[in-house]
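>>> just a sequence and a predicted model for now, questions to come.
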Amino acid sequence: MTPEEAAAMRKQMEEEIRAQLEANMSAMADMQMSGEERTAIAQQQFNEEQLKLLEKEKEKDNTPHITNLNEDNALSGVIHHLIQPGENVVGRKDGETVPTICLSGLSIQKSHAIFVREGEVVVVKPGIVGAKTKVNGQTLNGDRTLMHKDRILFGSNHMYIYYDPVNKETAEGTPEQVDWEFAQKEIAQAKGFQTGADGQLSKEQQLAQEQVLELLPMVSESNAISEELNKHKSFEVILISSAANPFGHQGAKGTNVMVKMKNLLNGNTWLWERGKFMNRRYLMQDMYQRHLDGDETLKDMPEEEDPFWDPPCDVLIGTSNAFLQALAYGIDMDDPILVTDYKGEDQGQMFITISPCDESGKCMGEEYFVEDSSELLGKPYFYKVTVKSCEIRDSRFNVGSYITYKIDGEEIETKTPVVKESLSPAFNHSRVIKIDSVTQETLEFFENSCITFLLYGCQENRDSDVKLMKLTTKELRQREETSGQVKTNSLTRQLTKNVVDESAALKTEILVLKRRNDILTKKEKRIQGIVTEWGKKPPEEQQFEPYHRAISAAAFNTGTMLKSAATVITQVIKAQKLVGAMTTAVNGDSSTPIVSKAAGSKACTVM
């Protein structure tokens, strides 16, 4: 050890001993102090703190300020930041200059936002480009003048409410009492979710809304961690109808709240149930804390242990609803059906036929048509579901695709073959459904229900786009948010008990009415043709029995109106036979033709 090092060590030891001696002397002085003196000192300190609080409270009552909002109401309103004249910088304490309002945590920048107070007007603006701040649920992109009780979200979880002691005017829609739940609801609405008061929602809707409001801040936190760790993943809360649930819960009531994870480099996506996301979130938080602690082992973490990783899996591209109203009238349904994703965006078309058939699967044709569905009651019924092909918009799913569906009451879903390397896959799948006896419940099912077809795409570990790999996760998410902003703003994701495509249902109803009208028109023309043909025959050929058979063949199974016409004709014929028999009995002349009496009867001019 050199003399210099020995001298430095001696000096350090002397300072430590001196500090210890001073601490011991202070402790001895405290011990010698009486209880009354200690109480007096404590009381004086308490009074000074209370005086400071009173002064600050008085200043707060006359100065614009922000106050924290917390999920726990007991923790709301405990943090206050006064906005002084001039600029008030919000940011991290490790910035180049110490900010006026210090915040820390995910997504908080060194200079995050700036409050500018001029007179009684307070304006807030971003501190730097890309700093995440929301005012009343809307992203802050430039200067914004604040109003009394405006809600401000800094980063992922710093929620505040702005108070203006002079101008009490509030923004439209601001309630008297602003709490955490209200602030989260407006963020959800800005993202496209439709919310409502508890009394306006069913139990299923209320549960879905609660889950959405619970998950939104968690998803925001996960996105922030992904940006900090540069994981190239983004997360989003989505709603999927029970009928379209890819996890086998079809038939359950309500709407499923799920989380979608997307790989920003190759476009692969995953759908996570709420429970899985919650577990992964805890692992993400642990990973982020280890990152802050400087854990070098994170660089060599196996992908199986990475909470941001999942192996490629088949993903739901979209769904199509085939409504069954046509089956109640013995009509086939053979029209292209739009494939839409959870946002309602067009993802392609399905070509599906659902038609009445016999037990062997042979389609029945127009002769099976009934105008009154009650005519099917008590009879066996067969119909055939044929999945012909599909048109897929997204080229990512050229890897492979297939369709699944369930018929009402079935536990196991039906799956078509997987067709690979095609965006126009021909599935050529069909099956016959048997109903032993049609009941009123069957008819109600036909009238009001549908078969939901789920289109799945196969995914694989595709190579990432080289251009995208040069961008950070934050930059990639900003690009995605910018490109999808118009679509998101025009989207309304309703929390509904049963998510049904009303336009598809109306289209089906119109098609059924059109088909019924076309069939009845053809029947009408056939009967008109028969009547015209028989009207042109000479009187000696106008025989009622052949005429009755022809008109009955055309009229029966065409509907109530035409069957009524056939019934009238039958009654007329019976009456004519009775008149002819009576005439023969009275005249005693069996050679008098009965048909001559009916040549100009209503039976020949029904139409």
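Great, that's in hand.

>>> for stretch 292-311, which positions count as buried?
Neighbour-count burial for stretch 292-311 flags 306-310 (criterion: 16 or more other C-beta atoms under 10 Å). C-beta coordinates here come from the backbone N, C-alpha and C atoms, glycine included.

>>> that one: end-to-end distance?
Start and end residues of stretch 292-311 are separated by 27 Å (C-alpha to C-alpha, to the nearest Å).

>>> coming back round to it: in helices, which of the buried residues of stretch 292-311 fall?
Of those, none are assigned to helices by DSSP state H.

>>> now, the residues you listed that are in strands?
Using DSSP state E, no member of these falls within strands.

>>> from those, pick the one nearest Ala27.
Comparing the buried residues of stretch 292-311 against Ala27 with C-beta to C-beta picks out Pro307 as the nearest, at 49.4 Å.

>>> can you pull the contacts of the closest one?
Pro307 makes contact with 280-281, 283-284, 287 under the criterion C-beta atoms under 8 Å, 6 or more residues apart in numbering.

>>> list phi and psi for it.
Phi and psi for Pro307, reported as degrees, to the nearest 10, are phi -70, psi -10.

>>> is the residue nearest to it when sequence neighbours are not counted part of a helix or strand, or is it coil?
Nearest residue to Pro307, sequence neighbours excluded (C-beta to C-beta, 6 or more residues apart in numbering): Leu283, at 3.6 Å. Secondary structure, DSSP: H, G, I helix; E, B strand; the rest coil: Leu283 is helix.

>>> how much space between Leu283 and Leu292?
According to C-beta to C-beta, to the nearest Å, Leu283 stands 15 Å off from Leu292.

>>> swap in Glu49?
33 Å.

>>> could you do Met218 as well?
Met218 is 19 Å from Leu292, by C-beta to C-beta.

>>> so the most centrally placed residue in the chain, which of the three states?
When C-alpha atoms, centre = their mean is applied to the chain, the residue found nearest the centroid is Leu239 (2.9 Å). Per three-state DSSP, the secondary structure class of Leu239 is strand.

>>> Lys343 is in contact with that one, correct?
No - using C-beta atoms under 8 Å as the test, Leu239 is too far from Lys343 to be in contact (9.4 Å).

>>> so which bits of the host helix or strand of Glu214 are buried?
Element membership of Glu214 [criterion: DSSP states H and E] is helix 203-229. Neighbour-count burial for helix 203-229, with 16+ other C-beta under 10 Å as criterion, is recorded at 204-206, 208-209, 211-213, 215-229.

>>> could you check how far it is from the centre of its chain?
The chain centroid and the centroid of helix 203-229 are separated by 14 Å under C-alpha atoms, centre = their mean, to the nearest Å.

>>> what about it, average pLDDT?
The pLDDT scores in helix 203-229 average 91.

>>> just checking, what packs against that helix?
Packing contacts for helix 203-229, counted by 3 or more C-beta pairs under 8 Å, 6 or more residues apart in numbering; DSSP states H and E, involve helix 180-190, strand 233-241, strand 255-263, helix 274-292, helix 473-483.

>>> give me the angle between it and helix 180-190.
Helix 203-229 runs at 80 degrees relative to helix 180-190, counting by axes from the mean of the first three to the mean of the last three C-alpha atoms, to 10 degrees.

>>> could you pull out the buried residues of stretch 522-537?
Result for stretch 522-537 [16+ other C-beta under 10 Å]: buried residues 523-524, 526-527, 530-531, 534.

>>> turn those into CSV, including secondary structure and pLDDT.
CSV is the format used below for the buried residues of stretch 522-537 (DSSP: H, G, I helix; E, B strand; the rest coil; pLDDT from 0 to 100):
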residue, secondary structure, pLDDT
Lys523, helix, 72
Glu524, helix, 76
Arg526, helix, 76
Ile527, helix, 75
Ile530, helix, 73
Val531, helix, 73
Trp534, helix, 69
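
>>> is it true that Met213 touches Phe182?
For residue 213 the amino acid is Leu, not Met. No - look at Leu213 against Phe182 with C-beta under 8 Å: they stay out of range, at 10.2 Å.

>>> could you report the neighbour count for Phe235?
As a burial measure, Phe235 scores 25 neighbours (other C-beta atoms under 10 Å).

>>> swap that for Glu96, please
Neighbour tally, Glu96, other C-beta under 10 Å: 8.
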